[in-house]
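1. Got a predicted structure here, sequence first:
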Amino acid sequence: MSDPDSAADGPRTAAEEAGQFGLPDPELTAWRLADTAPEMVPAETARGWMDATNRRFANRCTPLSIANGTGWELLSPYDFSATWTGGKTPADITIKAARPEMQAQVDSFVQSHFGEAVLTMQPGYLFRTAPGWALWVRGSPNHPAINIHPLEGIVETDWLPFTFTMNWRFSYPGTVHFRTGDRFCFLTPVPHVALGEIQPVIRRIEDDPELEASYRHWRDTRLDFNAKLKAQDPEATRQGWQRHYLRGDPQGAPAPSFHISKRRMKWPVTED
């Protein structure tokens, strides 16, 4: 007879399915629900506002570009506008196709479902990830929108047999426009089953003399370089920036082998 208190006799948790955090390799399958499903593409690293900064300065921030490109994006298949009057009911948002003959298709893709200034879009896929992996569903990183902002969610796509929606919330009453090809949903796999086991630890940097020496060397060279830039030192001006993040430790140690300065996600493969 089995022990009623034994965990082995009960339903397996996501952690158990993932081998107690010996997570399987990440996988992502997008089960297309209709031929009209939005196009799914690798995320773009470029941002117009970053390119428009002085000497494209924002593009020197590798973490920004890496975040921009870490995932896949769903593109709006239609041109439409949505107007919020300021009320709390679903009827307080109206959705209008740019081409009247496409209104039925637009209505199947985007709705005012919840009220509360929330605009709801249908991704058009049932996503499935490997055990222990989930999808972080959100708007494109570092890609601000006017008068509307994306809501974020982490979805347990390793077991769910149903879909989710992508939701945006108006900031204030008015009209927003989505064009064909606009990115409306950003997908990043995350090892969600293990994240809750992380135990943050706060320590004094003086307790690690080697790390402290490396940090202080970086800090001093950074302050010196910025002072020279401010004084318009010719050599510092010529360099423009120090590139420590790209090159490795400022004391000369190379970056680890897994360090990346660019990321390009793979294109989805269509299987009929």
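-> Good, I have the coordinates.
2. From Ile202, how far out is Cys218?
-> Actually, residue 218 is Trp rather than Cys. If you measure Trp218 against Ile202 using Cβ to Cβ, to the nearest Å, the figure is 21 Å. (C-beta placed from N, C-alpha, C; glycine too.)
3. now do Leu187
-> 33 Å.
4. between the two, which one's more packed in?
-> Neighbour count, other Cβ atoms under 10 Å: between Leu187 and Ile202, Leu187 has more, with 24 against 4.
5. so that one, which of the three states?
-> strand (DSSP: H, G, I helix; E, B strand; the rest coil).
6. start the count at 24, not 1, going forward
-> Sounds good: first residue 24 from here, last item Leu210.
7. OK, contacts around it?
-> Leu210 sits next to Leu51, Gly94, Trp95, Glu96, Leu97, Phe150, Leu158, Trp159, Val160 when contact means Cβ atoms under 8 Å, 6 or more residues apart in numbering.
8. Looking at those, state which has the most neighbours.
-> Going by other Cβ under 10 Å, Leu158 tops the contacts of Leu210 with 27 neighbours.
9. can you tell me which helix or strand the closest residue to Lys119 other than its chain neighbours belongs to?
-> Spatial nearest neighbour of Lys119, excluding adjacent residues (Cβ to Cβ, 6 or more residues apart in numbering): Ser104 at 5.1 Å. Per DSSP states H and E, Ser104 falls inside strand 103-107.
10. Tell me who's in contact with Ala140.
-> Counted by Cβ under 8 Å, 6+ apart, Ala140 has contacts Trp107, Lys111, Asp115, Ile116, Arg192, Phe193.
11. Please look at the last one and Ile169 and confirm they touch.
-> No: counting by Cβ atoms under 8 Å, Phe193 sits too far from Ile169 to count as a contact (10.7 Å).
12. Just want to know which of these two has more residues nearby.
-> Neighbours were counted for Phe193 and for Ile169 using other Cβ under 10 Å; Phe193 has more, 22 against 9.
13. Enumerate every residue touching that one.
-> Phe193 touches Trp107, Ile116, Ala140, Val141, Leu142, Asn170, Ile171, Val199, counting by Cβ under 8 Å, 6+ apart.
14. can you check Val129 too?
-> Tyr101, Phe103, Ile118, Lys119, Ala120.
15. What's the local residue count around the second one?
-> Close neighbours of Phe103, defined as other Cβ under 10 Å, add up to 23.
16. Need the per-residue pLDDT for the residue nearest to Thr143 when sequence neighbours are not counted.
-> Leaving aside its sequence neighbours, Thr143 sits nearest to His136 (Cβ to Cβ, 6+ apart; 4.3 Å). Looking at His136, its pLDDT reads 94.
17. Distance of His136 relative to Arg55?
-> 22 Å.
18. Can you name the residues bridging to Ala105?
-> Under DSSP bridges, the beta-bridge partners of Ala105 are Ile118, Val199.
19. What about the residue nearest to Thr198 when sequence neighbours are not counted, how many residues nearby?
-> Nearest residue to Thr198 in three dimensions, chain neighbours excluded: Thr106, at 4.4 Å (Cβ to Cβ, 6+ apart). For Thr106, the neighbour count with other Cβ under 10 Å is 14.
20. Next, find the distance separating Thr106 from Val199.
-> 8 Å.
21. can you check Ala60 too?
-> According to Cβ to Cβ, Ala60 and Val199 sit 23 Å apart.
22. And the helices in the protein?
-> For the chain, applying DSSP state H gives helices covering 37-40, 71-74, 85-92, 126-132, 215-218, 232-253, 257-262, 267-270.
23. Those: which one's closest to Val64?
-> Val64 sits nearest to helix 85-92 of all these, at 11.3 Å, using Cβ to Cβ.
24. outside of that closest one, which residues touch it?
-> Residues outside helix 85-92 that contact it (Cβ under 8 Å, 6+ apart) are 65-70, 73, 81-82, 163-166, 268-269, 283-288.
25. What residues sit buried inside it?
-> By neighbour count on 16 or more other Cβ atoms under 10 Å, the buried set for helix 85-92 is Thr85, Leu87, Ser88, Ala90, Asn91, Gly92.
26. Selection in PyMOL covering whichever of the contacts of helix 85-92 are buried, please.
-> Here is the PyMOL selection string for the buried members of the contacts of helix 85-92, based on 16+ other Cβ under 10 Å:
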select buried, resi 65+66+68+70+73+81+163+164+166+286+288
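27. Thanks again, I'm all set now.
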